[in-house]
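# Next one to model:
(chains A and B, ligands or ions: 3)
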Amino acid sequence: MAENLKTQDIIKAENLVYSKTPVLTDNVMHYCPGCGHGTAHRLIAEVIEEMDIQADTIGIAPVGCSVLMYNYLDIDMQQAAHGRAPAIATAVKRLMPAKYVFTYQGDGDLAAIGTAETIHACNRGENIAIFFVNNGIYGMTGGQMAPTTLPNMKSSTSPYGRDVELMGNPLKITELVAQLPGTWYVTRQAVHTPSAVRKAKKAVRRAFENQKLKKGLSLIEIVSNCNSGWKMSPVQANAWMEENMLPFYPLGDIKLEGNLLAKE
Amino acid sequence: MANAKGSIVVDREKCKGCEVCILACPTGVIQLTREVNAKGYHFAYMVNPDACTGCSNCAIVCPDGVITVYRKKRPPVEKSVQ
Ligand SMILES: Cc1ncc(C[n+]2csc(CCOP(=O)(O)OP(=O)(O)O)c2C)c(N)n1
Ligand code: SF4
Ligand code: SF4
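Numbering: from 1, shown residues only, chains lettered A, B, ... in the order given. Ligands and ions are numbered 1, 2, ... in the order given. The predicted model follows:
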């Protein structure tokens, strides 16, 4: 048998297979340990590097935990008022149509206070990408109930669980905007396991590629954990997410090249 | 035996000890140290370095992007003349 390779023989520049993309800055992210925001940021940054569009991409950051996204991606970014990122993205893209423009928004930002901007940008078919991180609550402000909170899910403002009779139904805004003629690509992904990350990255890539086609809007939902808000460890939160969030928010493409996919 | 062997390097001061990488590793390479970093987090390290194949699963799920992965092919095993 060949002699076992030693760690110091392996850790050499010529054997490098994975390292942090330079499109991410060296700043330590402020996110809670295990929060999916960091992974979602990295996938966007990796695609920007792979497509070599760092100088041609403009991101719009939301209000929410990812409000400081511009500290982590080494690209031009503008932070928007709560929920208004698609309106800013619309203006940026229309003024600079050659740029790749995306918004990055939480579920409180996109599906509560920003519902009007979301729906109208989708309906107009703006040539932008929307990355929508759905963790089922308002993370930044202390885990309040969001439109996306699951039935019976506990949050700081639904401590006994979301009572649908009293508090209404959760909003599947991703399925909703898929119905609109302006959306070209609508998909739901996750970033909690290696295979989910690989699929999510392909979706992010497709969203950027779509901007070249000028056919409409791409919306990529990423179902994620907010382990602090859910009051769980990161690993518990990912397991809870798989068990509870994914049956309600199933992963996969919803609309491809302008065509709604039939449910199997 | 896998025909490639890998190794990871964890940026210990940036690791937040979330354990997501531990679950993602198919060969049980990673654990958290008992020691903590300057922020007070236990950090990931290779408890079982020989089992690493360099698949990068840990690195692609790390929310903080603090894992670097290396992979080297094993030298071909020479057939012994019998
Ligand atoms: C106009 C306005 N209303 C309310 C707030 C308070 N606020 C800050 S973050 C936030 C919720 C963010 O939740 P979400 O979009 O789900 O993002 P997360 O923090 O979970 O990533 C709210 C309501 C604000 N900053 N501005
Ligand atoms: S509060 Fe929730 S969404 Fe915000 S950084 Fe922490 S885990 Fe992530
Ligand atoms: S996934 Fe990253 S931050 Fe979390 S324990 Fe592993 S190396 Fe540390």
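# tally of neighbours for residue A:52?
Using other C-beta atoms under 10 Å in any protein chain shown, residue A:52 has 8 neighbouring residues. All C-beta spots, glycine's among them, are computed from the backbone N, C-alpha and C.
# Wait, a strand at it?
No: secondary structure assignment (DSSP: H, G, I helix; E, B strand; the rest coil) places residue A:52 in coil, not in a strand.
# Check the gap between it and chain B for me.
20 Å (C-beta to the nearest C-beta, to the nearest Å).
# and what of residue A:212?
Residue A:212 is 26 Å from chain B, by C-beta to the nearest C-beta.
# Now do the helices in chain B.
Applying DSSP state H to chain B gives helices spanning B:20-24, B:57-61.
# most neighbours per residue, which of the ones you listed?
The highest mean neighbour count among these, using mean count of other C-beta atoms under 10 Å in any protein chain shown, belongs to helix B:57-61: a mean of 25.
# packing partners for it?
helix A:194-213, helix B:20-24, strand B:67-73 (3 or more C-beta pairs under 8 Å, 6 or more residues apart in numbering or on different chains; DSSP states H and E).
# And the average pLDDT for it is what?
The pLDDT scores in helix B:57-61 average 98.
# Alpha carbons only: can I get that helix in CSV?
Extracted in CSV, the C-alpha atoms of helix B:57-61 (Å, rounded to 0.1, in the frame of the first residue of the first chain):
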residue,chain,number,x,y,z
ASN,B,57,-19.0,19.5,1.5
CYS,B,58,-18.0,21.2,4.8
ALA,B,59,-16.7,24.3,3.0
ILE,B,60,-19.8,24.8,0.8
VAL,B,61,-22.2,24.7,3.8
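# still on that earlier bit, could the helices of chain B go into CSV alongside distance to residue A:91?
Converted to CSV, these look like this (distance: least, C-beta to C-beta, whole Å):
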stretch, distance to residue A:91
helix B:20-24, 37
helix B:57-61, 34
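# For residue A:100, find the nearest of those.
Nearest to residue A:100, of all those, is helix B:57-61, at 22.6 Å by C-beta to C-beta.
# how about the helix or strand hosting residue A:218: buried residues?
In this assignment (DSSP states H and E), residue A:218 forms part of strand A:217-223. By 16 or more other C-beta atoms under 10 Å in any protein chain shown, the buried positions in strand A:217-223 come out as A:217-223.
# thinking again about what came up before, what's the closest of the helices and strands packed on helix B:57-61 to ligand 1?
Between ligand 1 and the helices and strands packed on helix B:57-61, the tightest spacing by C-beta to the nearest ligand atom is seen for helix A:194-213, at 16.5 Å.
# Can you get me a residue count around the residue in chain B that ligand 2 sits nearest to?
Closest to ligand 2 within chain B is residue B:63: 8.7 Å, counting by C-beta to the nearest ligand atom. Burial of residue B:63 is recorded as 27 neighbouring residues (other C-beta under 10 Å).
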